[in-house]
Each structure stands twice: as structure tokens, then as C-alpha cells.
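**Student:** Pasting a predicted model and its sequence here:
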Amino acid sequence: MEAIIEYISSNQQEFYVFILAIFVGIEVISKVPTVLHTPLMSGSNALSGVVIVGSIIVLGKTDPANYLALSLGFLAVLLATLNVVGGFAVTNRMLEMFKKKPGKK
């Protein structure tokens, strides 16, 4: 427990920046107009693809005895994969709205 408190106190500025980045990110994302949601979703999918590749590389270099790193790496691969699949599904659904429907006779 003392090691955790020591780590937090020695990296206090990084935690402040991280918390501030969370609030700034929420404010920026909430102000995005609906027209830009599809391009942003595509960018998010690309970023999640990079996360998948990075976590697979880290998993490959992790010591097999380090169960914490293996489980966190597996969780990162799983969640990033779900994000990519969900993002593509949402993007496809949004793009379907712009297709012309066949006229009724």
C-alpha cells in the first residue's frame, strides 16, 4: 500500500494532466456536430486497430509467468476488437441512411 501511495505522490502532476485530459475530451466530444460523427467513427476504428496491433505485440513479448500483464493484454485486445466491430457496424448503419431507397409504385 505504501508503494502505491509513493507512486501516486511521485507522479502527481501526471495524474492531474490525465484527469484534465478526461474533462477536456468529454467537452470536445460533446460539442461535435452530428455531420462529423461518421468520419470520427472511422478515425476511432483506425485508432482501435492500432491498439489491437500494439497489444498483440506486447502480449507476444510478455513473460508467460506474468499473469497480470497477460490478462490486461488479452482484455485490451478483446475490448479494442469489440470497439472496431461495433464502430464498423455503426458506421455502416449510418452510411445506409444516405442510400436512396427504391421508389414505391
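**Tutor:** Alright, I've got the coordinates.
**Student:** Tell me how many other residues surround Ala3.
**Tutor:** The number of residues packed near Ala3 is 7, by other CB atoms under 10 Å. Yep, even glycine has a C-beta here, placed from its N, CA and C like the rest.
**Student:** From Val84, how far out is it?
**Tutor:** Separation of Ala3 from Val84 (CB to CB, to the nearest Å): 36 Å.
**Student:** Report the distance from the host helix or strand of Leu59 to the chain centre.
**Tutor:** For Leu59, the enclosing helix or strand under DSSP states H and E is helix 37-61. Chain-centre distance of helix 37-61: 7 Å, with CA atoms, centre = their mean, to the nearest Å.
**Student:** Give me the residues contacting it.
**Tutor:** 32, 69-70, 73-74, 76-77, 80-81, 83-84, 87-88, 90-91, 94-95 (CB atoms under 8 Å, 6 or more residues apart in numbering).
**Student:** Then stretch 11-26?
**Tutor:** Ile8.
**Student:** Pull out the CA atoms of that stretch and give them to me as PDB.
**Tutor:** Taking Å, rounded to 0.1, in the frame of the first residue of the first chain, the C-alpha atoms of stretch 11-26 are listed here in PDB:
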ATOM      1  CA  ASN A  11       3.600  11.100 -10.300                       C
ATOM      2  CA  GLN A  12       1.000  13.600  -9.000                       C
ATOM      3  CA  GLN A  13       1.400  16.000 -12.000                       C
ATOM      4  CA  GLU A  14       0.800  13.200 -14.500                       C
ATOM      5  CA  PHE A  15      -2.400  12.300 -12.700                       C
ATOM      6  CA  TYR A  16      -3.600  15.900 -12.900                       C
ATOM      7  CA  VAL A  17      -2.900  16.000 -16.600                       C
ATOM      8  CA  PHE A  18      -4.700  12.700 -17.100                       C
ATOM      9  CA  ILE A  19      -7.800  14.000 -15.200                       C
ATOM     10  CA  LEU A  20      -7.700  17.300 -17.000                       C
ATOM     11  CA  ALA A  21      -7.500  15.400 -20.400                       C
ATOM     12  CA  ILE A  22     -10.500  13.400 -19.500                       C
ATOM     13  CA  PHE A  23     -12.600  16.500 -18.800                       C
ATOM     14  CA  VAL A  24     -11.300  18.300 -22.000                       C
ATOM     15  CA  GLY A  25     -12.000  15.200 -24.100                       C
ATOM     16  CA  ILE A  26     -15.600  15.000 -22.800                       C
END
